Every structure is written in structure tokens, then in C-alpha cells.
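Enquirer: What follows is a predicted protein model with its sequence.
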Amino acid sequence: MPCPALPDGFDFTDPDLLQHRVPLPEFAELRLAEPVRWIPQSRNVAGFEDEGYWAVTRHADVRYVSTHPEIFSSTLNTAIIRFNEHIARDSIDAQRLILLNMDPPEHTRVRQIVQRGFTPRSIRALEQRLRERATAIVAEARALDGPFDFVTSVACELPLQAIAELIGIPQDDRTRIFDWSNKMIAYDDPEYAVTEEVGARSAAEIIAYAMSMAAERKRCPARDIVSTLVAAEDEGNLNSDEFGFFVLMLAVAGNETTRNAITHGMHAFLTHPEQWELYKRERPATAAEEIVRWAAPVAAFQRTATQDTELGGKTIRKGDRVGLFYASANHDPEVFDRPDEFDVTRDPNPHLGFGGGGPHFCLGKSLAVLEIDLIFNALADAMPRMRLVEDPRRLRSAWINGVKELRVSAGE
Ligand code: HEM
């Protein structure tokens, strides 16, 4: 099959693409014809001449890269394939302290510690409180007069509360965390007018906030994960800096992703009414995973090759950047029957929306699945006749498949 001719300057990380065209038809073409393809980034952004990246679009290849950290390193900024005028390279240095950007053995050490906060037991312990919150969030939205924005009234709330509960952030401080994490993620969207300075200040504020929490719990331990993670600054625990960066990552990794999964899930249900009917009737436990497959809230992450290697018939050179396109892998017909159908009973569903199964596989997956389940169960109970009022307004972003606004009505 001939290589598809992508238009000159075509770049999967162009923030305007995700804003206007999802899923991207170019993924389907590349999966068939050139599943590992070099995408030059010729645009000189922020004064940097970017060198381009390999677009990896097939499920099997994304898994391979994710599960070979010795060949494909995470140490250099995994999240941002595209540098832009709001992210200078020197701010990348600080990111080395974030779990997502570490390689084994350092990653293994930190992950083993933070994992203690995410045991099935600690997630189960949150379930009842989160169920009550989900019911309350939906009841409040239902009480609104007329159409409302699903993103701000429903989808934002539970992820924020879940992380705040998990870390033990007092109720009064929760909106600050929300505001900070929004600013850090929305730098590509002119509507939010987030400058590098504002983004960096937000990050610094979250870190300072978390470090002061850590110091307080060291003085006066409580029965929460902060106390567990920072109890003693020895090899088996996080130091205050590491804890600060961990909370920073949770604020982004847990908030924005789950919020967008919930919003895309609602949109998918409203545009596939037979799936909503089925869901209301049978409440399949498989629905949350299908929503994440379908939505791929994290469209892509990247790795950097540590040595020359072969992938998909191409030679990848040491130092080359490699983009893992989860949004493409989740529609790979080699793995999924009817990949472009939204089917909440899909089982098995080996999607890569939570990552490709390597050491960085999403730490918050069980929590995210629980939140998605709780919110859709509450919606099915209290607002079974929801209607779409307007098409979603999408976030302009190079890697988050986000929605800023989704106008719906309770349909009563
Ligand atoms: C990592 C997706 C929810 C915490 C990741 C990765 C993806 C992802 C794609 C990277 C995997 C890799 O690089 O191989 C999602 C999606 C979510 C979600 C789609 C919601 C639907 C959450 C939540 C939390 C969380 C609720 C925590 C409260 C993390 C952490 C990592 C991570 C800590 C880094 C793990 C590491 O580097 O070892 N997530 N995530 N995520 N996620 Fe999630």
C-alpha cells in the first residue's frame, strides 16, 4: 500500500486538529500504510527549531514502546510532544521530578511508594462517599432551570472531589487546586489566555501547597495517604519535593482526564441513544472502559529512544522522539471488532486509553473507572431522559482530547 500523502506541514500534535476533527481519519490511513511515520515539525515555535517525531499508530507498536522503557525513555517530558510559545524548554527540567517522566530504577522506587495510596482497599474506602457525592452532583444539576453545561455542572466535580478525598485536601481549598490544574492544562487554548508565567505560577502554587501539607502531616500524622507517603524521609518514603510534584501530577492526571472521559461518555450516550437505553436497563460494568477507549482523553504521550532501534520497519535513531497515539491504537481493527462503534458491552476491551501497559500504566485507573461508573449510574437514575442541546465545544490542545462545554437538558 502506498504511503498516504499527508498534507505539507501536517502534524498530529497541531492543537487545532483535536479541536475540530476527532477521531482523525489520518490515523486509519497510517495504521494500514505506514504505522510508524516520521512527522517533521518544521514550525519554529518559541524560537526553537523542532526536530519532529515518529508517529506510532498501531496498537501492537504502542504497547511495544510502552513496555520497553530501556529502549524508549520517559525521562524527557512525556506529555508534551509539541513545544509551543508557552512552554520553554528550561521549564522541562523541573518535570524530571514528576513520576511520569522518570525511568526505572528511580521510577520503580517512587511508584512503589505512591502505589500505597492507590490500593484496592484505599479506593474501596472512598466508594461510599464518592457515591453520595455523585448522587448530590446529579441532583443539583437536575434542579437547574433549563439547559445547563454538563462540563461545569457535572463532569468537573467528581474527579476533583475524588482526588481531594484521596489526598485529604480540606473542602475550602479544593477549588484552588481545580483552578490551578485548569490553568496548567489550557495553555494552548486562547480562550483561557494562559501565559507561560501563569502556568508556571500555578504549578509552583500547587507544589508549595502540597509541600506545606507534607510538613504538617510530618509534624502531626493523620490517617491519610499524605501521612503514609511522607511519614519519614528515608528510602521508603517521599521527600517533601517529591511529594509536591506528585500532588501536582495528580491534580492534572486525575482531574482533566476523568472529567473529559465523563463528558465524552455523556456525548457518546446522547448521540447513540440505543446505547443509553441499554445502559439504563442493564448497567453493564464494561461501560466505563468503553468510554475511555472511545474518548481517549489522553490522545498521546511521548518517549525518547535511548539507542538505535527498529520499529514497524523503520530505523529509529538514538535521541529521536516517539509519539504514542493512544487515540489511534484504540481504533485499531487488528484488535477491536467494529472499532468505530461505541458499544458499552464490549468485552474484552484491551484499549490503551490508560497507557500501553508498561511501568507508567495509569496509577489511577481503578479510581477513574469507579468515578465514571458512579456518575453514569447516578445520571441514569435521576436524569434518564437527558437531551443534547448543542454540539460540544472542544478544548484547543496538542494532547488532551478535551471538551470545554457540552450543553444538555434534563429532558423532563
Ligand atoms: C498515567 C490516562 C485517570 C493518575 C496515565 C497515563 C495515561 C493515563 C494514558 C500514561 C501511561 C503511560 O505513559 O504509559 C488516564 C485516563 C484517566 C486517568 C484516560 C481517566 C479516564 C487518572 C486518575 C489518577 C491518575 C483519576 C489519579 C487520581 C495517574 C498517574 C500516572 C498516570 C499518577 C503516572 C503513572 C506513572 O508514571 O507511573 N494515566 N488517567 N490517572 N495516571 Fe492516569
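Expert: Here it is on my side, so go on.
Enquirer: can you tell me the residue of the stretch 301-412 of the chain closest to the ligand?
Expert: In the stretch 301-412 of the chain, the residue that lies nearest the ligand is Gly364 (2.0 Å; CB to the nearest ligand atom). (C-beta placed from N, C-alpha, C; glycine too.)
Enquirer: In contact with that residue, which residues?
Expert: Shown in contact with Gly364 (CB atoms under 8 Å, 6 or more residues apart in numbering): 118, 250, 253-254, 258.
Enquirer: which ones among the residues you listed are found in helices?
Expert: The helices, defined by DSSP state H, take in 250, 253-254, 258 from the contacts of Gly364.
Enquirer: for those residues, which one is nearest the ligand?
Expert: Gly254 (2.9 Å).
Enquirer: Just put the contacts of Gly364 in a markdown table and tack on distance to Asp337 and pLDDT.
Expert: Shown next, in a markdown table, are those (distance: CB to CB, whole Å; pLDDT from 0 to 100):
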| residue | distance to Asp337 | pLDDT |
| --- | --- | --- |
| Phe118 | 32 | 88 |
| Leu250 | 35 | 84 |
| Ala253 | 30 | 83 |
| Gly254 | 31 | 84 |
| Thr258 | 27 | 95 |
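Enquirer: By neighbour count, which of the residues you listed wins?
Expert: Thr258 (27 neighbours; other CB atoms under 10 Å).
Enquirer: could you dump stretch 306-326 to PDB, C-alpha only?
Expert: C-alpha atoms of stretch 306-326 as PDB (Å, rounded to 0.1, in the frame of the first residue of the first chain):
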ATOM      1  CA  THR A 306      17.900   5.600  24.100                       C
ATOM      2  CA  GLN A 307      19.600   3.700  21.300                       C
ATOM      3  CA  ASP A 308      19.100   3.000  17.600                       C
ATOM      4  CA  THR A 309      16.300   0.500  17.100                       C
ATOM      5  CA  GLU A 310      13.800  -0.900  14.600                       C
ATOM      6  CA  LEU A 311      10.100  -0.400  14.800                       C
ATOM      7  CA  GLY A 312       7.400  -1.000  12.200                       C
ATOM      8  CA  GLY A 313      10.100  -1.400   9.500                       C
ATOM      9  CA  LYS A 314      11.700   1.900  10.300                       C
ATOM     10  CA  THR A 315      15.000   2.700  11.900                       C
ATOM     11  CA  ILE A 316      14.600   4.900  14.900                       C
ATOM     12  CA  ARG A 317      17.800   6.700  16.000                       C
ATOM     13  CA  LYS A 318      19.000   7.300  19.500                       C
ATOM     14  CA  GLY A 319      17.500  10.600  20.700                       C
ATOM     15  CA  ASP A 320      14.500  10.500  18.300                       C
ATOM     16  CA  ARG A 321      11.200  11.400  19.900                       C
ATOM     17  CA  VAL A 322       8.400   8.800  19.500                       C
ATOM     18  CA  GLY A 323       4.700   9.700  19.800                       C
ATOM     19  CA  LEU A 324       2.400   7.000  21.200                       C
ATOM     20  CA  PHE A 325      -1.000   7.700  19.800                       C
ATOM     21  CA  TYR A 326      -3.400   6.000  22.200                       C
END
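Enquirer: list the buried ones in it?
Expert: 306, 309, 311-312, 316, 320-326 (16 or more other CB atoms under 10 Å).
Enquirer: what does stretch 134-149 give?
Expert: 134-135, 137-138, 141-142, 148-149.
Enquirer: go on, stretch 26-43?
Expert: 26-31, 34-37, 39, 41.
Enquirer: Narrow the buried residues of stretch 306-326 to those in strands?
Expert: 309, 311, 316, 321-325 (DSSP state E).
Enquirer: With respect to pLDDT, which of those ranks lowest?
Expert: pLDDT is lowest at Arg321 among those; the value there is 89.
Enquirer: can the contacts of Gly364 go into TSV with extra columns for distance to the ligand?
Expert: Listed next are the contacts of Gly364 as TSV, based on distance: CB to the nearest ligand atom, whole Å:
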residue	distance to the ligand
Phe118	7
Leu250	5
Ala253	4
Gly254	3
Thr258	4
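Enquirer: and which of these is nearest Asp8?
Expert: The closest of the contacts of Gly364 to Asp8 turns out to be Ala253 (CB to CB; 34.8 Å).
Enquirer: Now do the same contact list for the closest one.
Expert: Applying CB under 8 Å, 6+ apart, the residues near Ala253 are 100, 362-364.
Enquirer: on that earlier part again, of the contacts of Gly364, closest to Phe10?
Expert: Ala253 (28.7 Å).
Enquirer: Any idea how many residues pack against Arg283?
Expert: When neighbours are defined as other CB under 10 Å, Arg283 has 14 of them.
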